[in-house]
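K.L.:
Quick one: sequence and predicted model below, then my questions.
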Amino acid sequence: MNVKCIDSLGTQELAGKRVLVRVDFNVPLESGEIQSDQRMRAALPTLTYLLEHQAQIILMSHLGRPKGQFVDDLRLKPVGKHLEELLEQKVCVLSETVGDQVKATLKSEDARVFLLENTRFYPGETENDPAFAKALAELGDIYVNDAFGAAHRAHASTAGIADYLPSYAGLLMQREITALSKLLKSPDHPFVAVIGGAKVSSKLGVLENLLPAVDFLVIGGAMAFTFLAAQGQNIGQSLVEPELYETALSLLAAAKKSKTEIILPQDTVMAKSKDDDQIRSVVKLEIGDADINELSGVDIGPESIAMLRQKLAGVKTILWNGPMGVFENPCFAAGTEAVAEILAEATDQGAYSVVGGGDSVAAVEKLHFSKRFSHVSTGGGASLEFLEGKTLPGIAVLGA
Ligand code: ADP
Ligand code: MG
């Protein structure tokens, strides 16, 4: 869908205006220390744009799940401190999100950037309460949503507020929409979707939506075992969702109809558990092996990797969502790393590639591969819902 973006506004429209910007500063925190500032950096182009055009910025974000109460450990103060370093200018951090005190501080403090307190300290945020949305809207003249990572939520600061103010997409929001839309509209072929991760259930919508569009659907991670078990393979103690066997079989049948090749692992790395400290066996799945009854599949094996390298040479469009194995454990990261390498190489050869999903993006970042993909999405759940073909509430309100 088309959205109005702040890049259509210049100094004339922005100078001296109070611009309320919803960002996704929901960063991983450990005892007050920010573990990754990726999401904050992703918002910088919008903030810089607004500052260059002489606007005043009032930032809104949630952090964690305080469930409608003030929780000291989830205050945005450390985020504001770090933002000061990133922007190289003063950020005034407020200890509340709405109300008279906030209004007074916005008037009295000499700063160009303000950060309101965690929006989820107020129950009205997740309830999308019009009164809370209005209280937020009263603080500014223009609303900008740059929080792609929260765009699948219809909350007061991501959706409701747009009822009260002229509303625009930020530059990150626009970049995400453009990058993901490219996969759904007229992708170049061959088009491959590589889908992994823990559960079929969480990826079902994406599988169903993309199946008719892609040439290859690679299924890895624990998800693959539901497909393999549904076809009668012995998969030992691997993670499966028996309630989805029927669904898996009907996806395989649908793929035949749409001439999509579903690629399942040919061999799998087995261990006693995902926390095991070594590989116990590598089994070829077509043979079946009685010795694996006590073991779980934790990664794709070397034959699967070799097959993917061969099959995916020359693909033109790539979506990658979900790791191939338990990559958090270094013993079982080889499959995910190899797939990252194969897809990055295809990108070097000119393919358009998108990585989405919190854990897949973490894997790509850990490998320092982010720059080798065309687009690394900042939204986990949001990118999934977008690729399911849903209209996200935080985007719908920005419609042109
Ligand atoms: P994303 O966040 O990229 O969408 P998911 O959340 O769907 O990915 O899945 C990521 C999780 O799946 C990781 O924690 C990983 O350890 C787990 N996983 C992948 N393969 C397996 C497997 N074979 N057995 C158990 N867990 C797995
Ligand atoms: Mg995940």
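P.N.:
Yes, it's here. Ligands and ions are numbered 1, 2, ... in the order given.
K.L.:
Point out where this protein drops to low pLDDT.
P.N.:
The model of the chain has pLDDT under 70 over residues 286-290.
K.L.:
ok, which residues in it are in contact with ligand 2?
P.N.:
The interface of the chain toward ligand 2, taken as CB under 5 Å from the ion, is made up of 358-359. (C-beta placed from N, C-alpha, C; glycine too.)
K.L.:
Let me know how buried the nearest residue to Q174 once chain neighbours are set aside is, in neighbour terms.
P.N.:
What sits nearest to Q174 in space, not counting adjacent residues and going by CB to CB, 6 or more residues apart in numbering, is C5, at 4.6 Å. Neighbour count of C5, defined by other CB atoms under 10 Å: 20.
K.L.:
go on, Y245?
P.N.:
By other CB under 10 Å, the residues close to Y245 number 17.
K.L.:
quick check: domain ranges of the chain?
P.N.:
6-175, 187-367 (automatic domain parsing).
K.L.:
Report how far apart the opening and closing residues of the first one are.
P.N.:
With CA to CA, to the nearest Å as the measure, domain 6-175 spans 12 Å from end to end.
K.L.:
is ligand 1 contacted by that domain?
P.N.:
No. Contact of domain 6-175 with ligand 1 (CB under 6 Å from any ligand atom) is absent, the minimum separation being 12.3 Å.
K.L.:
Which single residue of the stretch 151-300 of the chain ends up nearest ligand 2?
P.N.:
Nearest residue of the stretch 151-300 of the chain to ligand 2, counting by CB to the ion: G197, 6.3 Å away.
K.L.:
State the distance from the residue in the stretch 151-300 of the chain that ligand 1 sits nearest to to V364.
P.N.:
Here the residue of the stretch 151-300 of the chain nearest ligand 1 is G197; by CB to the nearest ligand atom that distance is 2.3 Å. For G197, the distance to V364 (CB to CB, to the nearest Å) stands at 14 Å.
K.L.:
quick one, which of those two is more surrounded?
P.N.:
A direct count of neighbours by other CB under 10 Å for G197 and V364 places V364 higher, at 24 against 20.
K.L.:
Extract the C-alpha trace of the helix or strand containing that one and format it as CSV.
P.N.:
Of the helices and strands defined by DSSP states H and E, V364 is found in helix 358-366. Extracted in CSV, the C-alpha atoms of helix 358-366 (Å, rounded to 0.1, in the frame of the first residue of the first chain):
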residue,chain,number,x,y,z
GLY,A,358,14.3,-11.8,15.0
ASP,A,359,16.5,-14.9,15.3
SER,A,360,17.6,-15.1,11.7
VAL,A,361,18.6,-11.4,11.8
ALA,A,362,20.5,-12.1,15.0
ALA,A,363,22.3,-14.9,13.3
VAL,A,364,23.2,-12.7,10.3
GLU,A,365,24.4,-10.0,12.6
LYS,A,366,26.5,-12.4,14.6
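K.L.:
Can you classify A254 as helix, strand or coil?
P.N.:
The local conformation at A254, judged by DSSP: H, G, I helix; E, B strand; the rest coil, is helix.
K.L.:
Let me see the contact set for it.
P.N.:
A254 sits next to 211-212 when contact means CB atoms under 8 Å, 6 or more residues apart in numbering.
K.L.:
picking that back up, doesn't N321 make contact with the residue of the stretch 151-300 of the chain closest to ligand 2?
P.N.:
Yes. The pair formed by G197 and N321 meets the contact definition of CB atoms under 8 Å, at 7.2 Å.
K.L.:
so what's in contact with the two at the same time?
P.N.:
Shared contacts of G197 and N321 (CB under 8 Å, 6+ apart): 203, 357, 360.
K.L.:
For H82, which three-state class applies?
P.N.:
Under three-state DSSP, H82 comes out as helix.
K.L.:
and if you look at the one 10 residues further on?
P.N.:
Classification of C92 into helix, strand or coil gives strand, according to three-state DSSP.
K.L.:
Let me see the contact set for it.
P.N.:
The neighbours of C92, taking CB under 8 Å, 6+ apart as the test, are 80, 105, 109, 111, 113-115.
K.L.:
circling back to that earlier point, what helices or strands is the helix holding V364 leaning on?
P.N.:
helix 334-348, strand 375-376 (3 or more CB pairs under 8 Å, 6 or more residues apart in numbering; DSSP states H and E).
K.L.:
In that helix, which residues are buried?
P.N.:
Within helix 358-366, the residues that count as buried by 16 or more other CB atoms under 10 Å are 358-364.
K.L.:
what does stretch 109-121 give?
P.N.:
112-121.
K.L.:
on that earlier part again, so which of the helices and strands packed on helix 358-366 gets nearest ligand 1?
P.N.:
Distance to ligand 1, taken as CB to the nearest ligand atom, is lowest for helix 334-348 among those, at 8.0 Å.
K.L.:
Tell me the buried residues in whichever helix or strand comes after that closest one?
P.N.:
Moving toward the C-terminus from helix 334-348, the next helix or strand (DSSP H and E) is strand 352-356. By neighbour count with 16+ other CB under 10 Å, strand 352-356 contains the buried residues 352-356.
K.L.:
farthest pair in those residues?
P.N.:
Spanning the widest gap among the buried residues of strand 352-356 are Y352 and G356, at 13.5 Å by CB to CB.
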